[in-house]
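Asks: coords please:
(one chain, ligands or ions: 1)
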Amino acid sequence: MTGHVIEATGLTKRYNGTAVVDGIDLTVEEGEVLGLLGPNGAGKTTTILMLLGLTEASGGTVRVLGKDPVRDPLAVKREVGYLPDAVGFYDNLTGRENLRYTARLGGLSPAEADSKIDAALARVRLDGVGDRRVATYSRGMRQRLGLAELLMRDSRVAILDEPTSGLDPQSTEELLELIRTFSHDGMTVLISSHMLDVVQSICSRVALFNKGRIGFVGTVAELADRVADGAFHVELGAEGADVAGIAGELDGVSGVAQTGDGQWAITASRDVRDELARRIVEAGGALRNLAARRLSLGEAYNLFFREAANEA
Ligand SMILES: Nc1ncnc2c1ncn2[C@@H]1O[C@H](COP(=O)(O)OP(=O)(O)OP(=O)(O)O)[C@@H](O)[C@H]1O
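Replies: Residues are numbered from 1 along each chain as shown. You can find the predicted model right below:
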């Protein structure tokens, strides 16, 4: 046992001699929520399939809970739950019957299964509709049934593929809140998604896949530091002063762009608002508005891939 929940070293997958996952290193700790991000075809799904033992690596090693998913697929399958984009339930069975079916496949006794199913349905707030056919469920309810299945199976790791796609804002928030509580209880969660605001709201770290490699792994703040030489995005409205000149002279400012009439966007490695305001007023200018926020994951992500494209 390595101590890490997931540990991949030099993990590689080649199809017809072309590496679609090209020597990635990744470690994930217990209770982490890690976002797997990157453009279509970057290698996220292939990596997930290797973690699940559903496809064999062409090179490198991978351990999930200390086990090799290819050599020991049943052990990994027992402890790792996978929620694909469209969860496959039997529409003609009820939610409860679907879970009973999975429980039987997993070797649970009927009595043990029933008590676990009751608890899991209650936890995802489907206890009132557990005896309705899944055909009548909304997409949000299906996703929650998928989470109930992970709970029923006592999964220690959950791999979720676009869990909130197609959900309305309220169902999205409900699902994210459930995932947060699972992670607080020690479940390790990997989420592959293109919905960057969702990822930002739930993930402790993100891994950015680019052409089969992981170009960055860390927190959103670390990503912002790396791509923008700073994590602050200042929006400023001012008149009667040379804003570009004043801002450009401040320590830590890495970018100044005019975004409209008297409106400016400034990127800085620290919060420069006080100094900026003082200097503009001292120069005889008038301040109209001033706000600072951290770079969002979406902004940092776009900068990262723009930089990667320029380097290519
Ligand atoms: N069975 C296969 N045979 C040949 N090439 C494959 C196979 N499966 C995937 N690929 C290729 O591997 C590359 C990585 O695909 P993968 O599905 O892992 O990307 P992804 O990051 O998950 O993309 P998406 O965001 O669209 O899900 C793609 O170029 C894809 O065409």
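
Asks: okay, now Leu93: neighbour count?
Replies: Applying other C-beta atoms under 10 Å, we find 15 residues neighbouring Leu93. C-betas here are computed from N, CA, C, even on glycine.

Asks: just give the closest residue to it, not the sequence neighbours.
Replies: Nearest residue to Leu93, sequence neighbours excluded (C-beta to C-beta, 6 or more residues apart in numbering): Val134, at 6.4 Å.

Asks: how close does that neighbour sit to the ligand?
Replies: Distance of Val134 to the ligand, given as C-beta to the nearest ligand atom, to the nearest Å: 25 Å.

Asks: I'd guessed that residue sits against Arg144; true?
Replies: No - in this structure Val134 lies outside contact range of Arg144 using C-beta atoms under 8 Å: 11.5 Å.

Asks: so for the two, which residue has more residues nearby?
Replies: Legend: neighbour count by other C-beta under 10 Å for Val134 and Arg144, higher for Arg144 (25 against 20).

Asks: how close does the more buried one sit to Leu105?
Replies: Between Arg144 and Leu105 the distance is 20 Å, computed by C-beta to C-beta, to the nearest Å.

Asks: Ala309 now?
Replies: According to C-beta to C-beta, Ala309 stands 45 Å off from Leu105.

Asks: closest residue of the stretch 101-250 of the chain to the ligand?
Replies: Closest to the ligand within the stretch 101-250 of the chain is Phe209: 5.8 Å, counting by C-beta to the nearest ligand atom.

Asks: what helix or strand is Phe209 on?
Replies: Element membership for Phe209 (DSSP states H and E) is strand 205-210.

Asks: which elements pack onto that strand?
Replies: strand 33-37, strand 213-218, helix 220-228, helix 297-311 (3 or more C-beta pairs under 8 Å, 6 or more residues apart in numbering; DSSP states H and E).

Asks: pick the most deeply packed of the ones you listed.
Replies: Most buried of the helices and strands packed on strand 205-210, by mean neighbour count (mean count of other C-beta atoms under 10 Å): strand 33-37, with a mean of 25.

Asks: still on that earlier bit, could you tell me the least trusted of the helices and strands packed on strand 205-210?
Replies: The minimum mean pLDDT among the helices and strands packed on strand 205-210 belongs to helix 220-228 (a mean of 85).

Asks: partners of the next helix or strand along the chain from it in the sheet?
Replies: The first helix or strand that comes after helix 220-228 along the chain, using DSSP H and E, is strand 232-239. According to DSSP bridges, strand 232-239 forms sheet pairs with strand 263-268 (antiparallel), strand 286-294 (antiparallel).

Asks: looking at those, which is nearest to the ligand?
Replies: strand 286-294 (25.7 Å).

Asks: for the residue of the stretch 101-250 of the chain closest to the ligand, which residues are in contact?
Replies: Each residue near Phe209 by C-beta atoms under 8 Å, 6 or more residues apart in numbering is listed here: 36-38, 42-44, 47, 215.

Asks: mind listing what the nearest residue to it once chain neighbours are set aside touches?
Replies: Leaving aside its sequence neighbours, Phe209 sits nearest to Gly38 (C-beta to C-beta, 6+ apart; 3.2 Å). If you count contacts by C-beta under 8 Å, 6+ apart, Gly38 has them with 44, 208-210.

Asks: would you mind naming what in the stretch 1-150 of the chain lies close to the ligand?
Replies: With C-beta under 6 Å from any ligand atom as the criterion, the stretch 1-150 of the chain meets the ligand at residues 15, 20, 38, 40-46.
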